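Asker: Generate a structure from the sequence data that follows.
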Amino acid sequence: MPEAEPADPSDADAGLPSGGGAGTPAPTGPAAPPVADPADPADPAVPALARSWPVGIRPPVVRGWEPPATAYSRGHRGVDLEAVPGAPVRAVAPGRVSFAGRVAGRGVVSVELSGTGSPPLRTTYGPVRASVHQGDEVLAGTALGTVEATRDAHCGPTSCLHWGLLRGAVYLNPLSLLPPWLLGLGPSRLLPLDGPPPKH
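Answerer: Numbers count the residues shown, from 1 in each chain. Sure, this is the predicted structure:
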């Protein structure tokens with residue numbers, strides 16, 4: 001299959017097929033998918049259904065979500081998580097592998113998340129040396145492959161995993177998938193309205 005060139009070289013998932021996986025041709029021409037505009041990681045349109053980070057325990061975010069001003073503007077349509085080459089990449093939630101292949105010379109895996117409506121939410125991971133194939137069913141925590149070493153300067157002096165999230169052709173903040181306990185914010189606690197919290 002010929003390699004597709006992403007619209008923005010910093011976006012590992014920009015050249016992915018928008019719907020059907022490896023059999024669907026990648027978009028051509030200057031058109032870029034629209035982008036949602038959440039100001040913070042908690043996008044109310046995205047259920048916090050992730051059960052793990054895609055790499056590591058709580059990896060440093062090398063570059064965060066930067067939604068472009070317009071569908072055609074530069075931005076960062078995902079987040080980059082610090083990861084060493086060879087680190088395992090895991091599915092964050094159950095779903096079906098909709099793409100596992102190469103885009104612009106980089107390995108990319110895309111998973112349609114189960115029970116997330118129509119069109120379903122789709123996570124993308126790259127650069128990944130895939131150990132799964134299109135059509136495979138995965139659970140949260142299932143190994144999708146390992147982080148590939150790349151020669152590009154996408155993450156500067158460190159290596160990283162680019163993690164993206166889309167619903168149809170709309171890019172969303174993948175950190176929205178993470179519940180507070182995975183973000184390190186701890187569980188919610190109810191405190192009394194009057195007086196100090198009870199001692200245990």
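Asker: C-alpha from now on. contacts and neighbour counts both.
Answerer: Will do.
Asker: how near is the closest residue to Trp53 other than its chain neighbours to Leu121?
Answerer: Ranked by CA to CA, 6 or more residues apart in numbering and with sequence neighbours excluded, the top spatial neighbour of Trp53 is Val92, at 6.0 Å. The gap separating Val92 from Leu121 is 12 Å, by CA to CA, to the nearest Å.
Asker: number of nearby residues for Ser159?
Answerer: Neighbours of Ser159 under the rule other CA atoms under 10 Å: 23.
Asker: same deal with Glu148?
Answerer: Going by other CA under 10 Å, the residues that sit close to Glu148 add up to 23.
Asker: same thing with Thr158?
Answerer: 12.
Asker: Helix, strand, or coil at the residue nearest to Trp53?
Answerer: coil (DSSP: H, G, I helix; E, B strand; the rest coil).
Asker: which of the residues in the least confident helix or strand in the chain by mean pLDDT are buried?
Answerer: One helix or strand of the chain scores below all others by mean pLDDT, DSSP states H and E: helix 180-183, with a mean of 84. By 16 or more other CA atoms under 10 Å, the buried positions in helix 180-183 come out as Leu182.
Asker: Only alpha carbons, please: show that helix as PDB.
Answerer: Provided in PDB are the C-alpha atoms of helix 180-183 (Å, rounded to 0.1, in the frame of the first residue of the first chain):
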ATOM      1  CA  PRO A 180      -9.100  11.400  37.300                       C
ATOM      2  CA  TRP A 181      -7.400   8.400  39.000                       C
ATOM      3  CA  LEU A 182      -5.200   7.800  35.900                       C
ATOM      4  CA  LEU A 183      -4.400  11.500  35.600                       C
END
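Asker: Surely the residue nearest to Trp53 touches Ser52?
Answerer: Yes - counting by CA atoms under 8 Å, Val92 touches Ser52, with 5.2 Å between them.
Asker: any common contacting residues for the two?
Answerer: 140-141 (CA atoms under 8 Å, 6 or more residues apart in numbering).
Asker: list the contacts for Ser114?
Answerer: With CA under 8 Å, 6+ apart, Ser114 has these contacts: 93-96, 120.
Asker: Also Arg58?
Answerer: 182-183.
Asker: how many neighbours does Ser118 have?
Answerer: By other CA under 10 Å, 8 other residues sit near Ser118.
Asker: wait, I meant Gly164
Answerer: 26.
Asker: low pLDDT regions in the protein?
Answerer: Applying pLDDT under 70 to the chain flags the ranges 1-44, 152-153, 156, 185-200.
Asker: That one: strands as residue ranges?
Answerer: Ranges of strands within the chain are 61-63, 79-82, 88-90, 95-103, 106-113, 121-126, 128-130, 137-138, 143-147, 160-167, 170-172, based on DSSP state E.
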